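1. just to be clear, the model below is a prediction. Sequence and coordinates:
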Amino acid sequence: FFKQKTAYEIGVRLVGSEMCIRDRYMGMQYFFTGKLVVRPTHAKLTRDTEFFGKMDPYVKVQLGERIFRTRIHQEAGKTPSWTDAFQFARKNEVVLHVQVCDEDLITDDLVGTGKLSIAEYCTPEEERKKVTVPIYYKGKPAGELFMEIEFEPDKLGPGGKPKPVALPIYQSATIK
């Protein structure tokens, strides 16, 4: 029977280990590399993990392999706020992952998670943008996280102007 080959079986110079010889080229995606600054400012949470007392929330922010964590807002309950700012070197990542957690003595509780597609915020215009990320716990709404995002593109083009990087887009073939 015919065995479908992956890119690594054909040659490592192809893009992605799961790319198949039947994948269809869809075009190029252009994006900017540069410095991405993320500031979680506050949250409005609907999920409470404490039976007695108030939650002590903090946020974890992840882009690629890099993870940052805010300070804990003691006794903030469902309306915490933070002043932390995190700087990422954006290469080709397209999704920013966030987690809101509640610090406890033994094990911290997960309030919820969210993700943000960052392509529309990583543009040559260097301005601070306010974003709202819906937070979910086990598929149900758990609140909203409010952040500010600032992006400074790398100056790779002629005259020190930002130059987009191209990445091919493939659609996986459906085999029946």
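-> Here it is on my side, so go on. Computed from a predicted structure; not experimentally measured. Numbers count the residues shown, from 1 in each chain.
2. now do K60 against W82, distance only.
-> Separation of K60 from W82 (CB to CB, to the nearest Å): 12 Å. Heads up, the C-betas are built off the backbone N, CA and C, glycines and all.
3. swap that for Y121, sorry
-> Taking CB to CB, one finds Y121 at 19 Å from W82.
4. cool, and S117?
-> Taken as CB to CB, the span from S117 to W82 is 22 Å.
5. about what we covered before: what do K60 and W82 both touch?
-> Common contact partners of K60 and W82 (CB atoms under 8 Å, 6 or more residues apart in numbering): T70.
6. contact partners of stretch 132-142?
-> So stretch 132-142 is contacted by 43, 45-47, 98, 100, 110-116, 143-147 (CB under 8 Å, 6+ apart).
7. of K60 and W82, who's got more company?
-> W82 (20 against 17; other CB atoms under 10 Å).
8. residues contacting that one?
-> Counted by CB under 8 Å, 6+ apart, W82 has contacts 39-42, 58-59, 70-71, 73.
9. show me the strands in the protein, by range?
-> Here the chain has its strands, by DSSP state E, at 24-31, 34-45, 57-63, 66-69, 86-90, 95-102, 109-117, 128-137, 140-153, 165-171.
10. same list (those strands) but as TSV, adding mean pLDDT.
-> Shown next, in TSV, are the strands of the chain (pLDDT from 0 to 100):
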stretch	mean pLDDT
strand 24-31	64
strand 34-45	96
strand 57-63	98
strand 66-69	96
strand 86-90	94
strand 95-102	96
strand 109-117	96
strand 128-137	96
strand 140-153	95
strand 165-171	64
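11. from the ones you listed, which stretch is densest packed?
-> strand 57-63 (a mean of 23; mean count of other CB atoms under 10 Å).
12. now what about it, what contacts it?
-> With CB under 8 Å, 6+ apart as the criterion, strand 57-63 contacts 36, 38, 40, 43, 45, 67-73, 76, 80, 82, 86, 88, 90, 93, 96-103, 111, 118, 145.
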